[in-house]
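A.B. asks: Give me a model of this one.
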Amino acid sequence: MGEIVIGRHGDRMADMAMARWMAAAVLLGALVLGAAQAAHGTRLKDIATFSGSRTNQLVGYGLVVGLSGTGDRRGSEFTVQSIYNMLDRMGVRVDKATLKPRNVAAVMVTAQMPVSAKAGTRMDVTISSLGDSSSLLGGVLLVTPLKGIDGNIYAIAQGSLLVGGVTASGAAASVSKNITTVGMIPGGANVERTIPFEFNQQEGLTLNLQHPDYSTAQQVAQKINDAMGGAFAAAVDGATISLAVPDQHKGNLVPLLANLENLEIRPDNRARVVVDEKTGTVVVGLNVKLAPAAVTHGNLQIEIRESADVSQPMPFSEGQTVVVPETDIAVQEDNRKLKLVEGASLQELVQGLNALGATPRDLISVLRTLQTSGSLHAELEVM
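C.D. replies: Residues are numbered from 1 along each chain as shown. Next up, the predicted model:
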């Protein structure tokens with residue numbers, strides 16, 4: 001059984017381990033990014049939003065036409081009903097039983113409308129298949145009203161779809177790449193109604209941190225007060241900072257916010273490790289430390305061989321020829337141990353595990369165990 005010790009003196013294996021780690025396609029770039037942000041600071045507008053600058057969700061139901069036989073099938077009754085209603089409004093009389101919507105698909109259309117959007121503003125829209133259409137490639141969205149949560153129509157969408165996938169099929173096989181039942185139309189919606197909100201009439205503002213943290217909230221409030229020369233801002237909690245609007249800025253908040261959003265802040269976020277079990281991706285934040293621990297990585301290999309033997313009866317014995325299956329199972333496990341010294345970083349743990357031949361999914365399992373044992377001094381978030 002081999003043993004590797006990592007920590008302050010583990011640099012000698014760094015080059016080899018990092019190369020293997022990159023080959024495993026696990027992201028550690030967050031370490032470099034986080035270090036750069038900590039050294040130079042981050043603009044306030046990159047970590048927080050001001051009240052009134054939110055977006056509003058719009059949704060609508062529509063039809064995509066012009067598909068090459070990849071639309072909804074007869075089982076999608078709502079598609080047939082929608083086609084019938086559309087043609088009826090246009091003065092075209094048809095028998096609903098004869099409609100075959102193979103070139104038409106029922107879709108849901110969604111958009112994000114900023115509170116500052118005015119009539120005539122263009123917005124991107126996303127189109128998602130609602131029925132059993134196999135592809136929206138080459139389709140055109142017909143006029144679709146987009147409504148807000150209050151039921152009012154705020155925008156109208158129409159246009160040719162851009163689909164980021166492709167599919168091809170034959171009599172006995174089909175091939176597809178990426179998703180072909182979701183598309184988008186850049187600038188495909190036109191705003192018809194503005195959202196009723198008087199931005200410049202606010203007596204006070206609220207800043208919402210994207211990642212709640214008490215230290216960061218207090219730092220933001222202090223930075224704002226220093227910049228404005230008075231006690232105008234206060235941290236309400238770990239995610240919210242309240243700001244009283246000075247008299248000279250009431251009625252015109254744009255100059256005030258333009259100055260505040262460029263203040264440099266050094267976020268003091270908690271140590272966090274985010275893992276995605278579906279893809280094996282691991283993103284490591286700053287300040288992630290490990291307590292002393294020993295990790296045993298077992299490399300288990302199971303090989304199963306199936307073969308068939310023929311049992312032939314003796315001549316004139318009136319027996320029958322039968323096929324007898326044979327199964328051979330071989331199990332091999334190679335255990336190696338990894339020791340962590342006090343203060344070892346997660347990056348060093350990753351390098352050590354890769355020196356043992358661990359995969360990204362092995363690392364995820366090790367991280368879970370380290371957190372359960374209390375050796376991982378960070379928040380572990382599994383997606």
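
A.B. asks: Setting aside sequence neighbours, what's the nearest residue to Gly251?
C.D. replies: In space, not counting the residues next to it along the chain, Gly251 is nearest to Asn200; the distance is 5.6 Å by C-beta to C-beta, 6 or more residues apart in numbering. Where C-beta positions appear, they are placed from N, C-alpha and C, glycine not excepted.

A.B. asks: where in the chain is pLDDT low?
C.D. replies: The chain contains residues with pLDDT under 70 at 1-40, 75, 167-176, 280, 292-308, 310, 316-319, 323-347, 349-350, 352-358.

A.B. asks: and it, what are its domains?
C.D. replies: 3-40+271-382, 45-52+198-265, 56-191 (automatic domain parsing).

A.B. asks: need the ones you listed in CSV with mean neighbour count, can you?
C.D. replies: Below are these laid out as CSV (neighbours: other C-beta atoms under 10 Å):
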stretch, mean neighbour count
domain 3-40+271-382, 15
domain 45-52+198-265, 16
domain 56-191, 16
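
A.B. asks: and the residue nearest to Gly251, what is it in contact with?
C.D. replies: Residues near Asn200 by C-beta atoms under 8 Å, 6 or more residues apart in numbering: Gly251, Asn252, Leu253, Val254.

A.B. asks: can you tell me which of those are in helices?
C.D. replies: Val254 (DSSP state H).

A.B. asks: So which of the contacts of Asn200 is the closest to Gly230?
C.D. replies: Among the contacts of Asn200, Leu253 lies closest to Gly230 (C-beta to C-beta), at 16.8 Å.

A.B. asks: So the closest one versus Gly204, what's the distance?
C.D. replies: According to C-beta to C-beta, to the nearest Å, Leu253 and Gly204 sit 11 Å apart.

A.B. asks: Give the intersection of the neighbour lists for these two.
C.D. replies: Taking C-beta under 8 Å, 6+ apart as the criterion, Leu253 and Gly204 both touch Val245.

A.B. asks: quick one: what helix or strand has Arg368 in it?
C.D. replies: helix 360-373 (DSSP states H and E).

A.B. asks: Asp150 too?
C.D. replies: Using DSSP H and E, Asp150 maps to neither a helix nor a strand.

A.B. asks: Could you do Leu256 as well?
C.D. replies: When elements are assigned from DSSP H and E, Leu256 belongs to helix 254-260.

A.B. asks: And the contacts of the helix or strand just after that helix?
C.D. replies: Sequence-wise, the next helix or strand downstream of helix 254-260 (DSSP H and E) is strand 264-265. For strand 264-265, the surrounding residues in contact (C-beta under 8 Å, 6+ apart) are His40, Gly41, Thr42, Arg43, Leu44, Ile47, Thr216, Gln219, Val220, Lys223.

A.B. asks: Just put those in CSV and tack on distance to Thr194.
C.D. replies: What follows is the contacts of strand 264-265, written out as CSV (distance: C-beta to C-beta, whole Å):
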residue, distance to Thr194
His40, 38
Gly41, 36
Thr42, 32
Arg43, 28
Leu44, 27
Ile47, 28
Thr216, 34
Gln219, 36
Val220, 30
Lys223, 33
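
A.B. asks: Go through the residues you listed and flag which are in strands.
C.D. replies: Using DSSP state E, Thr42, Arg43 are the members of the contacts of strand 264-265 that sit in strands.

A.B. asks: Go through the contacts of strand 264-265 and say which is closest to Ile241.
C.D. replies: When the contacts of strand 264-265 are compared for distance to Ile241 (C-beta to C-beta), Val220 wins out at 5.3 Å.

A.B. asks: Give me the distance between that closest one and Tyr214.
C.D. replies: 11 Å.

A.B. asks: Between these two, which contacts overlap?
C.D. replies: Residues touching both Val220 and Tyr214 by C-beta under 8 Å, 6+ apart: Ala235.

A.B. asks: which among the contacts of Asn200 gets closest to Gly238?
C.D. replies: Lowest distance from Gly238 to those (C-beta to C-beta) belongs to Leu253, with 24.9 Å.

A.B. asks: So the residue nearest to Gly251 lies in a helix, does it not?
C.D. replies: Yes - assessed by DSSP: H, G, I helix; E, B strand; the rest coil, Asn200 belongs to a helix.

A.B. asks: Pairing partners for the nearest residue to Val163 once chain neighbours are set aside in the sheet, please.
C.D. replies: Leaving aside its sequence neighbours, Val163 sits nearest to Gly183 (C-beta to C-beta, 6+ apart; 4.2 Å). Note on Gly183: beta-bridge partners by DSSP bridges are Ile127, Val163.

A.B. asks: what's the answer for Ala106, then?
C.D. replies: Leu63.

A.B. asks: show me what contacts it?
C.D. replies: Tyr61, Gly62, Leu63, Asp72, Ser76, Phe78, Thr79, Ser82, Ser129, Leu130, Gly131, Ser133.

A.B. asks: go on, Gly120?
C.D. replies: Asn190, Val191.

A.B. asks: change it to 6 Å
C.D. replies: Neighbour list for Gly120: empty [criterion: C-beta atoms under 6 Å, 6 or more residues apart in numbering].

A.B. asks: what do you get for the one 3 residues further on?
C.D. replies: Met123 makes contact with Ala111, Ala189 under the criterion C-beta under 6 Å, 6+ apart.

A.B. asks: out of everything not next to it in sequence, what's closest to the residue nearest the centre of the chain?
C.D. replies: Residue closest to the mean C-alpha point of the chain, counted by C-alpha atoms, centre = their mean, is Met383 at 9.2 Å. Excluding the flanking residues, the one nearest Met383 by C-beta to C-beta, 6+ apart is Asp276, at 4.6 Å.
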